[in-house]
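**Q** no FASTA, just this:
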C-alpha cells in the first residue's frame, strides 16, 4: 500500500489500483484538488485495512482488469460510493459498472474538473447515507430502550396502567384491583419513573411516537360500561 501524507482515519478518497505511474498521477491530481487519499493494490487489501466507519468514497481504476475482461467485484462489506476509472470507452464497461452500483464512471485521462465533481458528489452521498444510518440507529436504540423499560413493569403495574388508559381514576382502580388508593398511587408513580415520563398522557404519547402499543392486553370485564372499555388518555 502506498499513501499520501495522511492516515486512513483522515483519508476521504480510497484509490484501488495496481502500483503504476498512472496511480501516482491520480494521487497527485487528487491532492491538487484538495482531497486526501490512500491507495490500495486490491479491493481485498482495502477491505482488510480500512474500517467501515471511516467516511469517504472509492476510486477504482479498472484499466488492468479490462485487459482480461471487466468484472465488478463482490463488495459485500463495502457500501461506500464507488467511482470507476477506466481507459476504455466501451459502453459495455460503463453499463456494467452502473448496474453494479457505481456512483460514476470516468475515462482516463481524467479531466480534473470531472474528477472533482465526481468525488464531491460521491462524498456528499456518503455523508447523506451515514447521517441517515446514524438517525436510524438512534431511533432503533430508543425503541429498544423503551421496550426494555416497558418489560420491566411488574404484572400489577401493568394492570394499573391498563386501567389508567381506560380512563379510570385512582379510587376506581383501587376498587377493581382490591387494593388501597394509596397503593394505586405508589404503583402509578413507579410506572412513570420506570418509563421515564412525567404523566400517563406523556406515556401514551411516547408509545404512539414509537408506533408501539403498550402491550397491556389484559381484558377489561365485558360488563364494564362502554365508555370505560374505550381507551382514553386521562386528563
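**A** Here it is on my side, so go on. Since this is a predicted model, take the numbers as computed values, not measurements. Residues are numbered from 1 along each chain as shown.
**Q** specify the local secondary structure of the residue nearest the centre of the chain.
**A** With distances taken as Cα atoms, centre = their mean, residue 133 lies nearest the centre of the chain, 2.0 Å away. Using DSSP: H, G, I helix; E, B strand; the rest coil as the criterion, the local structure at residue 133 reads helix.
**Q** could I get the pLDDT score of it?
**A** What the model reports for residue 133 is a pLDDT of 90.
**Q** ok, now residue 103?
**A** According to the model's per-residue confidence, residue 103 sits at a pLDDT of 87.
**Q** quick check: phi and psi at it.
**A** The phi and psi torsions at residue 103 (degrees, to the nearest 10) take the values phi -70, psi -30.
**Q** so what's it closest to, chain neighbours aside?
**A** Counting by Cβ to Cβ, 6 or more residues apart in numbering, the nearest residue to residue 103 once its immediate chain neighbours are dropped is residue 81, at 3.9 Å. All C-beta atoms are positioned from the backbone trio N, CA, C, and that covers glycine.
**Q** same question for residue 35.
**A** The shortest distance from residue 35 to any residue that is not its chain neighbour, by Cβ to Cβ, 6+ apart, is 4.9 Å, and that residue is residue 13.
**Q** now do the one you found against residue 86, distance only.
**A** Shown here: residue 13 relative to residue 86, a distance of 17 Å by Cβ to Cβ, to the nearest Å.
**Q** and the contacts of stretch 171-189?
**A** For stretch 171-189, the surrounding residues in contact (Cβ atoms under 8 Å, 6 or more residues apart in numbering) are 156-157, 159-160, 163-164, 168, 170, 200.
**Q** which residues does the residue nearest to residue 35 contact?
**A** 30, 35-38, 56-59, 119, 123.
**Q** can you do 10 Å?
**A** When contacts are counted by Cβ atoms under 10 Å, 6 or more residues apart in numbering, residue 13 is found next to 4, 26-27, 30-31, 33, 35-39, 56-59, 83, 115, 119, 122-123.
**Q** pop the domain breakdown of the protein in here.
**A** With automatic domain parsing as the criterion, the domains of the chain are listed as 2-140, 152-229.
**Q** mind checking which of these is nearest residue 146?
**A** The closest approach between residue 146 and any of the domains of the chain, judged by Cβ to Cβ, belongs to domain 152-229 at 5.6 Å.
**Q** what pLDDT, on average, does the closest one get?
**A** Averaging pLDDT along domain 152-229 yields 76.
**Q** among the contacts of stretch 171-189, name the buried ones.
**A** Under a neighbour-count criterion of 16 or more other Cβ atoms under 10 Å, the subset of the contacts of stretch 171-189 counted as buried comprises 157, 159-160, 163-164, 168, 170, 200.
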